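Participant: Sequence and predicted structure below; questions after.
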Amino acid sequence: MNVFIDTNAFFNNWFVGNVNFKLLFHYLNNENLDLLLSELVVQEVNNLRNREVVASKSEIKKHFKRLHKLNSGSIGVAIEDISTSEYDIKTILEGKVHSIENIDYEGISQKEVVQRALNVTKPFTDGEKGYRDTLIWLSFLKYLKDNSITGDVAFITDNKSDFFEKKSSDLVLNGDLQKDIIALEIGANIKPYLKVFDFNKENVDQIANAVNKYEILDDEEYFLIEETESYLNSMSNSVLSNLLGSRVFGEKLTEVIDIKSDIFEGLEDPEVNYVSELSDSSVYISCSYEMRTVDLVVTIDLVEFKQHVDDIENIKALYNIEIDEGTVNLSFTFRLYIDASFEYDTTSEICSNLSIEQLSGRS
């Protein structure tokens, strides 16, 4: 289901790097779902983070002053030396989630907001608190209505008292908000959650979404190239024959002297087929991918080359023959298609144990 996240979920998770956000983003990306992002939430999160920076610098300044009083000379650093990076939660999220639907609040009637404040209609509370929450809620409903959204939509906020209530043991939207949904004839089923963790626990397969299926292979391109080259360099004659589409290596030649491979145009069309559990922190990933251009140099005995030169020269991928004393270097180039699997440690984010199940080449 598509997911809306309120401001409070980002507090102290400014760079959304914890395990709960990571799992949620994998789920959204793997399932081609949307993160619904309010422009007001973006403004609030950015403002809260910047206020935290100012407060932290103020605390540091106090400690600097105290340290100066305790020290006879310079302490070697000044408050001006402390720098912080520019921050924008929207930019950060755009780097992690493939599909984000932005929700603006400019079209919300201020007359309606004022009336809700006077009537203390949730999310307003006594004392007219709840202006921003009301804008967030009404703009969220407007987005659902304007875009004819149906199906389940998650609404995640830990602002329980203003948005939710308990019905038996279940968490539900409070009465005022349910009236809004009915009045606007919202077609979506809004499901309330207090935390990202709660949503993940109920909806996300932690094994299947342990990785981002659309990015993991690209991220691990170096590992795949290195391990694929290692496999090619240690091929038996029969595997080499199948790869090059010629029986000469498997049936007519003795073991080749050496194989050297070079993948120099990299990975293309990577695809994760499925993910399964190996241990608490490791998963098994079945995948397929292509290597754009492979250069393969196979060294064989000169006598054997002369005996089978016609068969060798008929191999389509062959582009160069180099005789070196008692050996011959045969150079081949082709595109490589691979079905493979490997182990991935979700804690250390390290790949290992690539196993190539099937490969073929095309010149």
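Facilitator: Perfect, I can see it now.
Participant: Pick out the residue nearest the middle of the protein.
Facilitator: By CA atoms, centre = their mean, the chain has its centre lying nearest to Asn212, at 4.3 Å.
Participant: can you give me the strands for the stretch 251-363 of the chain?
Facilitator: For the stretch 251-363 of the chain, the strands defined by DSSP state E, counting those that start in this stretch occupy 258-263, 267-277, 282-301, 318-324, 327-345, 350-362.
Participant: Leu232: which of those strands is closest?
Facilitator: Nearest of the strands of the stretch 251-363 of the chain to Leu232, taken as CB to CB: strand 258-263 at 3.9 Å. The way it works is simple: take the backbone N, C-alpha and C, and place the C-beta from them, glycine included.
Participant: returning to what we had before: tell me which of the strands of the stretch 251-363 of the chain lies nearest to Leu40.
Facilitator: Leu40 lies closest, by CB to CB, to one member of the strands of the stretch 251-363 of the chain: strand 267-277, at 36.0 Å.
Participant: Counting by contacts, list what the closest one packs against.
Facilitator: In this structure, strand 267-277 packs against helix 216-219, helix 221-233, strand 282-301, with contacts taken as 3 or more CB pairs under 8 Å, 6 or more residues apart in numbering; DSSP states H and E.
Participant: tell me the angle the second one makes with strand 350-362.
Facilitator: Pointing back at helix 221-233 there. With axes from the mean of the first three to the mean of the last three CA atoms, to 10 degrees defining the directions, helix 221-233 sits at 60 degrees from strand 350-362.
Participant: Who are the packing partners of the helix or strand just after helix 221-233?
Facilitator: Counting by DSSP states H and E, the next helix or strand C-terminal to helix 221-233 is helix 237-244. Packing contacts for helix 237-244, counted by 3+ CB pairs under 8 Å, 6+ apart, involve strand 350-362.
Participant: what sits up against the strand it packs on?
Facilitator: 220, 223-224, 227-228, 231, 242-245, 294, 317, 334-345 (CB atoms under 8 Å, 6 or more residues apart in numbering).
Participant: which of the residues you listed count as buried?
Facilitator: Listed as buried from these are 220, 223-224, 227-228, 231, 242-244, 294, 317, 334-338, 340-344; burial here means 16 or more other CB atoms under 10 Å.
Participant: quick one: the strands in the stretch 1-150 of the chain?
Facilitator: Ranges of strands within the stretch 1-150 of the chain are 2-5, 35-38, 100-103, based on DSSP E, counting those that start in this stretch.
Participant: and the last one, which strands flank it?
Facilitator: On the basis of DSSP bridges, the sheet neighbours of strand 100-103 come out as strand 35-38 (parallel).
Participant: got any ranges where the chain has weak pLDDT?
Facilitator: Low-confidence segments of the chain (pLDDT under 70): 127-128.
Participant: Skip the chain neighbours and tell me the closest residue to Thr254.
Facilitator: Leaving aside its chain neighbours, Thr254 sits nearest to Glu304 (6.7 Å; criterion: CB to CB, 6 or more residues apart in numbering).
Participant: circling back: can you add mean neighbour count and distance to Glu165 and give the strands of the stretch 1-150 of the chain back as CSV?
Facilitator: Shown next, in CSV, are the strands of the stretch 1-150 of the chain (neighbours: other CB atoms under 10 Å; distance: least, CB to CB, whole Å):
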stretch, mean neighbour count, distance to Glu165
strand 2-5, 22, 19
strand 35-38, 22, 22
strand 100-103, 16, 24
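Participant: what would these look like in JSON lines with distance to Ser161?
Facilitator: Below are these laid out as JSON lines (distance: least, CB to CB, whole Å):
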{"stretch": "strand 2-5", "distance to Ser161": "18"}
{"stretch": "strand 35-38", "distance to Ser161": "20"}
{"stretch": "strand 100-103", "distance to Ser161": "23"}
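Participant: Out of the ones you listed, which gets nearest to Ala117?
Facilitator: Nearest of the strands of the stretch 1-150 of the chain to Ala117, taken as CB to CB: strand 35-38 at 19.3 Å.
Participant: show me the contacts for Ile60.
Facilitator: Counted by CB under 8 Å, 6+ apart, Ile60 has contacts 79, 82.
Participant: got a list of contacts for stretch 122-141?
Facilitator: Counting by CB under 8 Å, 6+ apart, 4, 6-7, 36, 38, 40-41, 44, 103-105, 107-108, 112-113, 116-117, 120, 155, 159, 161-163, 174-177, 180-181, 184, 186 sit against stretch 122-141.
Participant: Pull out the buried members of the residues you listed.
Facilitator: By 16+ other CB under 10 Å, those give 4, 6-7, 36, 38, 40-41, 44, 103, 105, 108, 113, 116-117, 155, 162-163, 174, 176-177, 180-181, 186 as buried.
Participant: Just the ones of the residues you listed in helices?
Facilitator: 40-41, 44, 113, 116-117, 162-163, 176-177, 180-181 (DSSP state H).
Participant: and the residue nearest to Thr254, how far is that from Gly361?
Facilitator: 22 Å (CB to CB, to the nearest Å).
Participant: And Ser72, by the same measure?
Facilitator: Counting by CB to CB, the gap from Ser72 to Gly361 is 74 Å.
Participant: Mind listing the residues bridging to Lys260?
Facilitator: Note on Lys260: beta-bridge partners by DSSP bridges are Val297.
Participant: For it, list the residues it contacts.
Facilitator: 233, 296-297, 299.
Participant: Before I go, just wanted to say thanks for your time.
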